[in-house]
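Undergrad: need a structure here:
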Amino acid sequence: MTLYSRIDLNRLIGHSTLLYGETGTKKTYYTSEFIKYLIESKRFSHKEISILDFSPPLSTIKNMNIGGKIKDFYSNSLNCKNLTFKGEIIPPRLKASNREELYENACKNYSKTSKLLKVFNKQPTSVLIVNDISIYLHIGNIRLLLESINKSNTFFGNSYYGSSIRSNFTNLFSLREKRLVEHLSKKVEFSYFTG
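TA: Here you go, the predicted structure:
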């Protein structure tokens with residue numbers, strides 16, 4: 001039985017939900033399916049749904065498929081309230097050859113993602129979708145994220161949580177990420193491990 005068939009999507013409306021797991025476990029796909037359900041089955045207005053897509057573009061790095069945007073799985077999501085930034089997210093560990101580059105990449109990502117959370121907090125919608133939360137959590141403060149979650153009526157997000165993306169200089173970085181995702185999974189009402 002797949003994860004998706006075990007989740008009653010209707011039950012998630014009006015609640016906060018987190019999917020977390022390894023790369024390649026369909027977290028972004030499931031997230032896009034929830035948006036599709038809200039729009040096509042529950043007739044939510046596109047204007048009620050804010051999407052913050054923190055994922056890098058889909059690419060293959062070191063024989064792993066990394067990233068992927070919600071729009072890659074559900075193009076109608078482009079009609080929602082997509083909060084965007086200039087440029088792209090950098091996969092911080094995979095695009096770094098040392099610790100300095102790792103944190104430089106994470107800082108650039110933080111600058112983009114934290115601005116979008118603040119924009120959402122000023123003009124929240126009833127639904128908040130966040131793709132690839134761990135990109136923000138690498139150096140971001142979880143309180144800002146929780147403020148955004150609390151400003152929405154329905155929150156659905158996903159996060160990397162695994163060990164496939166690492167190298168000898170990323171151990172502390174990955175440990176922080178893991179602990180914050182675990183903390184977030186306890187703060188939301190529903191959390192699902194995707195594998």
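
Undergrad: When you work out contacts or count neighbours from here on, use the C-alpha atoms and nothing else.
TA: Will do.

Undergrad: what about the longest helix in the protein?
TA: The longest helix of the chain (DSSP state H) is helix 99-122.

Undergrad: Beyond that one, next helix or strand please.
TA: Using DSSP states H and E, the helix or strand that directly follows helix 99-122 along the chain is strand 127-131.

Undergrad: Between strand 127-131 and the longest helix of the chain, find me the angle.
TA: Interaxial angle of helix 99-122 relative to strand 127-131 (axes from the mean of the first three to the mean of the last three C-alpha atoms, to 10 degrees): 170 degrees.

Undergrad: what's next to helix 99-122, contact-wise?
TA: Helix 99-122 is contacted from outside by 50, 52, 54, 83-85, 89-93, 95-96, 135-136, 138-140, 144-145, 147-148, 151, 169-170, using C-alpha atoms under 8 Å, 6 or more residues apart in numbering.

Undergrad: any low-confidence regions in this protein?
TA: Across the chain, the ranges flagged by pLDDT under 70 are 1-5, 61-65.

Undergrad: same thing but at 50, please
TA: The model of the chain has pLDDT under 50 over residues 1-2.

Undergrad: Run through the helices of it in chain order.
TA: Taking DSSP H as the criterion, the chain carries its helices at 3-6, 9-12, 27-36, 70-73, 99-122, 134-137, 142-151, 171-187.
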